[in-house]
Structure formats: C-alpha cells, structure tokens
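Just need the structure, nothing else, for what follows:
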Amino acid sequence: MNVKDSNAKDFSELLQSFNFAPSILEYTRVSRTSQSCIDNIYTSINVFDAEVVGTYMSDHTAHKVSFTLQISGKLKKVKKRIFSITNKNNFKSMLFSQKWDSVFFTPESLVNEQWDAFVSIVGSTFDYCFPIVSVQQKCTAKKILKPNQQVAACKNELDILLVLSRSDRVYSEAYKTKKQEYNRLLSDARSAHYEERINNSESKSKCVWQIVREINGTVTEYVDQTSNISGKPEDICNNFNKFVLHAGPNLIKTQPQATFSCSIPYNTKLYQ
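Reported below is the predicted structural model:
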C-alpha cells in the first residue's frame, strides 16, 4: 500500500487502535513512477527485529521479522511425600528414641494437653522423615479442589495415622475414624465449592452441566426415556422443563464417589 495515501493512513491508524503496529516504515516496491509498501506485517508484539531483505528474485524486496518466544522447558512437578522403606524405618527409629517427657510430665487430668504434646512430637518427626518434595509429574493430573485449612490439617493427621496403623494394628480403628472425618470434610468442601460456582455463574444450567462433566470425567449423553416430545404445547413445555431440572441432579446421583448438593430451589411454575 502507499503509505502516503489517506485511505492507507486511516487503515493503519485503525489497526494501531487495536494495538497492532507496522513492523517497517519504508517502501518495499519502488519503480520509476510509484513506490509502495507491500507485505507489511502488523503485530502486537512489543519487542521484535524487522528488516528489508533484497532477494533480487522479484520486483519488490522481502520483509523479515524476528522475535523471541518465552517457552519454558521446565517439566510439570507436583509436591508429595515419599513413603519409602528407608523413610519408614527412620520414622520408627526416631519415635523409638523419643523420651516423651512432655507427654509423661503432663498431669493425667489434662488429657487435651497430653494429646497436643503427643501430636506435636509425632508430627514434627513425621515432617522430618517424610518431607514434602517436588517430583516430576508423569501424566496430566486430574483437577482437584484446593483444600482448606481444616481439610489440610485432617489430611496431615490421617497421613500420620496411616503410617502408625501399618506398623501397629492398635491404630487401625483411629485411622478408620479419621478417614471417615476426612471424607466428610472433603465432601463438604466440594459441595461448597460447586454451590459457590453455580451461584456466581451467569448461566446456572450451563455451569451445572460443566460440573457434571468434571465429576463424570467424560461427556455423557443422558436420555430420559420417560420424556415425551409429542402432545399439547403446554404439556411439551412442562415435560421439557421437568427434564432439564432433574437431568443434572439425577446424573450426579449415579456417581458413587462424588457428592454434590445444590441449594438453588427448583422452578415448579408450570406453563399456562
């Protein structure tokens, strides 16, 4: 285009209003009667190198633009505890060498203080023997909810009881009880998370189905064999309304390992 032409200037200004700027400001085709800039590249990249290269194979020069992409070569990593045999043996050895003075010297009437002292010793030893380390993620992990402080604290106690229960069966019942508590807290956290997403979404129906797909892991077609698509217009509307209202919750109920609750009231108004 002719950079001096009014239409070309208007077009260039329009592109620049969208943060697209020309990479060169010189003519690439020059003849005896005219000169113009063709094949100009407009870009929103802030840092780049541009130059005009004479190829001598055409009636105009070539246009070269170089820029750098920031590509991270780091692999995804996850944080986890390593429960190796060496770490387990070290954990048992350190617990065996503990004097437990803070537990024994606490009066028997102060049961809560004794328990806190016991958990403090076991917890610090557990963190020392099974530290949280970063390891390379072998596959794409499923999206999980970020645990709150209460869930994280319960999970920490559950990890300790798991190691203890594998060494001594006396801790098995305590582990089962704590596991039930952890599952309940995790279920409540998921329900609160899903409910907040639905309440804050602009399209609650779309959000519900998105959550269903996340829980199910696949896109599943759900067909209600009892719904009718023939009849009076008001009956069809009522049947369709009932189908939409119940399809999502009914599908969620079929997921044995997922708990979902919704406080949004059903729309029971019938079509008149």
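
Just the helices from this protein, written as ranges.
Counting by DSSP state H, residue ranges of the helices within the chain are 6-17, 85-96, 101-104, 111-129, 149-167, 172-200, 204-216, 233-253.

Check which helices and strands the longest one is in contact with.
Other helices and strands packing on helix 172-200, by 3 or more CB pairs under 8 Å, 6 or more residues apart in numbering; DSSP states H and E, are helix 149-167, helix 204-216. C-beta: built from backbone N, CA, C; applies to glycine.

pLDDT of it, averaged?
Mean pLDDT, computed over helix 172-200, is 86.

How about the first one?
Model confidence over helix 6-17 averages 75 on the pLDDT scale.

May I have that helix as PDB, with CA atoms only?
Only the C-alpha atoms of helix 6-17 are listed here, as PDB (Å, rounded to 0.1, in the frame of the first residue of the first chain):
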ATOM      1  CA  SER A   6      -5.100   8.900   3.000                       C
ATOM      2  CA  ASN A   7      -7.000   5.600   3.000                       C
ATOM      3  CA  ALA A   8      -3.900   3.700   3.800                       C
ATOM      4  CA  LYS A   9      -3.200   6.000   6.700                       C
ATOM      5  CA  ASP A  10      -6.800   5.600   8.000                       C
ATOM      6  CA  PHE A  11      -6.400   1.800   7.800                       C
ATOM      7  CA  SER A  12      -3.100   1.900   9.600                       C
ATOM      8  CA  GLU A  13      -4.500   4.100  12.300                       C
ATOM      9  CA  LEU A  14      -7.400   1.700  12.700                       C
ATOM     10  CA  LEU A  15      -5.000  -1.300  13.200                       C
ATOM     11  CA  GLN A  16      -2.900   0.700  15.700                       C
ATOM     12  CA  SER A  17      -6.100   1.500  17.700                       C
END
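
Residue numbering should commence at 193 henceforth.
Done: numbering now begins at 193, and the last item shifts to helix 198-209.

thinking again about what came up before, and the helices of the chain: which comes nearest residue 224?
Among the helices of the chain, the nearest to residue 224 by CB to CB is helix 198-209 (20.9 Å).

Can you point out the buried residues in that closest one?
residue 204 (16 or more other CB atoms under 10 Å).

Show me the domain layout of this protein.
What automatic domain parsing lists as the domains of the chain is 198-258, 266-330, 334-392, 395-464.

Burial-wise, tell me which of those domains comes out on top.
Of those, the one with the most neighbours on average (mean count of other CB atoms under 10 Å) is domain 334-392, at a mean of 14.

gap between that domain and the chain center?
Averaging C-alpha coordinates over domain 334-392 and over its chain gives two centres that are 19 Å apart (CA atoms, centre = their mean, to the nearest Å).
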